[in-house]
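Chemist: Predicted model, plus sequence, below.
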Amino acid sequence: MNLNIINGRVWINSNLENITISIKDGKISKLGNQDNIPEADVSIDVENNIVFPGCVDVHSHLRDSEFSYKEDFISGTQAAVAGGFTTVLDMPNTNPPIINVKELKKRQNNAKNRIFCNVGFYSSPIRSEDVNQLRLSNTIAFKIYLHKPFKEQDLSDVNLIRIMNRISECDSILAVHAEDHQLFDQNNNHTTESEVHAINRIIKLAKQTNCKIHFVHVSTKEGIEAIKNNKSIVDISCEATPHHMILNTEKTNSEKHYCEPPLRDKENQETIFNSVVDGGIDIIGTDHAPHSLRDKDEGKPGFPGLEITLPLMIDLYMKNKITLQRIYEILVDNPIKRFGLRNIGQIKEGYNADLIVINENKMNTINVNNFLSKAKNSPFDGNQILGVVAKTIINGQVVFDGKKIIASPGTGRVLEKEVDF
Ligand SMILES: [Zn+2]
């Protein structure tokens, strides 16, 4: 089947252009105007809305398995699609955790016919000897939790150097949750020092191993400075979440909306905001971390982010706080380049037809009860923002029509080495 997208303002070469997109066999087959574009089986009129490359989230917790009561592959990837994400990278701290090839393969198989968007899988090796085999088994990247290693996972300098050397050899990347639990205070509060100390420690090890590092959800001014000061010496990048970028402890009840690292004060938050805008922070990751309401009451960290991250950024764009070019960089281009993804992220002939339609003029009130995610909680609940996702097209198929999911599970693919990255 082929499909034409007409009457869109299409994001091409950092501009919005009135162009018709022709899609065939899941790929963008031609760009043109209405006179020179081939006839299609179906023509979609996007009514002068923005057509943008699908967003890529490098930090999602899709849960499933023993955590299916919090979220599963179906609900998690539906949330992604409704939020304009066409590819998400899934974190390994599942139950059971993804610590070896056997668990990775089990998880990929379990996902295969149930996902609505394309999904890549992280793993977190216990043994450095497993790194290469994990990579060959299509792990997109590696992740460690410095403050919360898995059972039997040795994250001492000596062992971490072994793991980092292996990751560097197979040209992959290590994502790091940088917090040192020894520097939490006596009430177990996640101090800013614990983040800065962990970042500096990993930078030192990266210098010794040449391992590429991606620091997830950086939350402190000093942390960002440490990363900035070392970018020319080591291959490091960093990410911020929309909540650390927009919310602070003065505006938001950070106990009710607990996350790790926790929301910070206004000074740290403003630094994060400015760094996202000026380029000091490379990527926005949702840290989509769904929990049941009961788990939230018990203090579990995090909240869902897939459905609101892009709309929050569009709202900032409409308020002239960030450019569309910068949104493209932090949600599409930088994630793709940093994680080595192929054939996506541009509206260009030959590229995969992973596209979203954005209506930037439509006002919407964030309402957790409308989330497709199973997690019905958010510190942004009730916020009025400008900007909605009006359509999501994945692998050439319309998956979301602005109101509901209209494709069947399995529209998305598990990302594979040599094909997708
Ligand atoms: Zn996370």
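Modeler: Cool, the structure landed.
Chemist: CA only for contacts and neighbour counts going forward, please
Modeler: Fine.
Chemist: Tell me if Pro311 really is in a helix.
Modeler: Yes: counting by DSSP: H, G, I helix; E, B strand; the rest coil, Pro311 falls inside a helix.
Chemist: That one and Phe339, how far apart?
Modeler: Distance of Pro311 to Phe339, computed by CA to CA, to the nearest Å: 24 Å.
Chemist: Just want to know which of those two has more residues nearby.
Modeler: Neighbour count, other CA atoms under 10 Å: between Pro311 and Phe339, Pro311 has more, with 23 against 16.
Chemist: Surely the more buried one touches Ala390?
Modeler: No: Pro311 is not in contact with Ala390 according to CA atoms under 8 Å; the separation is 10.9 Å.
Chemist: Name the nearest residue to Arg326, ignoring sequence neighbours.
Modeler: Val277 (6.9 Å; CA to CA, 6 or more residues apart in numbering).
Chemist: helices or strands up against the helix or strand containing that neighbour?
Modeler: Using DSSP states H and E, Val277 maps to helix 266-278. Counting contacts by 3 or more CA pairs under 8 Å, 6 or more residues apart in numbering; DSSP states H and E, helix 266-278 packs against helix 221-230, helix 242-246.
Chemist: Just confirm Lys386 is within a strand.
Modeler: Residue 386: Leu, not Lys. Yes: according to three-state DSSP, Leu386 belongs to a strand.
Chemist: my guess is it meets Asn364, correct?
Modeler: Yes: with contacts counted by CA under 8 Å, Leu386 reaches Asn364, the gap being 6.1 Å.
Chemist: about what we covered before: how far is the helix holding Val277 from where the chain is centred?
Modeler: Between the centre of helix 266-278 and the centre of its chain there are 19 Å (CA atoms, centre = their mean, to the nearest Å).
Chemist: follow-up on the earlier one: neighbours of the residue nearest to Arg326, how many?
Modeler: Neighbourhood size, Val277 [other CA under 10 Å]: 17.
Chemist: hang on, isn't it packed against Ile322?
Modeler: Yes: assessed by CA under 8 Å, Val277 is found in contact with Ile322 at 6.1 Å.
Chemist: tell me the centre residue of this protein?
Modeler: Residue closest to the mean C-alpha point of the chain, counted by CA atoms, centre = their mean, is Asp57 at 1.8 Å.
Chemist: Could you find the closest non-adjacent residue to that one?
Modeler: Val88 (4.6 Å).
Chemist: What residues does Ser254 make contact with?
Modeler: Going by CA atoms under 8 Å, 6 or more residues apart in numbering, Ser254 touches 248, 262-263.
Chemist: Among the residues you listed, which are located in strands?
Modeler: When the contacts of Ser254 are checked against strands (DSSP state E), there are no matches.
Chemist: Most neighbours out of those residues, which is it?
Modeler: Tallying neighbours with other CA under 10 Å puts Leu263 at the head of the contacts of Ser254, with 26 neighbours.
Chemist: Quick check: pLDDT value at it.
Modeler: You'll see Leu263 listed with a pLDDT of 97.
Chemist: May I ask you to confirm that it is in contact with His243?
Modeler: Yes: in terms of CA under 8 Å, Leu263 counts as a neighbour of His243; the distance is 7.4 Å.
Chemist: Does anything pack onto the one helix or strand Ile213 maps to? Which helices or strands?
Modeler: Per DSSP H and E, Ile213 falls inside strand 212-215. Applying 3+ CA pairs under 8 Å, 6+ apart, we find strand 212-215 packed against strand 173-177, helix 192-209, strand 236-240.
Chemist: Any chance of those in a markdown table with distance to Glu47 and mean pLDDT as columns?
Modeler: Shown next, in a markdown table, are those (distance: least, CA to CA, whole Å; pLDDT from 0 to 100):
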| stretch | distance to Glu47 | mean pLDDT |
| --- | --- | --- |
| strand 173-177 | 40 | 98 |
| helix 192-209 | 46 | 97 |
| strand 236-240 | 33 | 98 |
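Chemist: how close does Val46 sit to Gly8?
Modeler: To Gly8, Val46 is 6 Å away according to CA to CA.
Chemist: who's more crowded, the two?
Modeler: Each of Val46 and Gly8 has its neighbours counted (other CA under 10 Å); Gly8 has more, 23 against 18.
Chemist: Return the residues in contact with that one.
Modeler: Contacts for Gly8 (CA under 8 Å, 6+ apart) come out as 17-20, 45-51.
Chemist: next SSE after the helix holding Val277?
Modeler: Counting by DSSP H and E, the next helix or strand C-terminal to helix 266-278 is strand 283-284.
Chemist: Could you identify the helix or strand that succeeds that next one?
Modeler: helix 293-297.
Chemist: Where does the prediction get shaky in the stretch 151-300 of the chain?
Modeler: The model of the stretch 151-300 of the chain has no residue with pLDDT under 70.
Chemist: buried sites along the helix or strand hosting Val81?
Modeler: Using DSSP H and E, Val81 falls within helix 73-82. Using 16 or more other CA atoms under 10 Å as the test for burial, helix 73-82 gives 73-82.
Chemist: next one: stretch 346-357
Modeler: Neighbour counts over stretch 346-357 (16+ other CA under 10 Å) mark 346-348, 350-357 as buried.
Chemist: quick check, distance from that stretch to the centre of its chain.
Modeler: Its chain's C-alpha centre and that of stretch 346-357 lie 18 Å apart, by CA atoms, centre = their mean.
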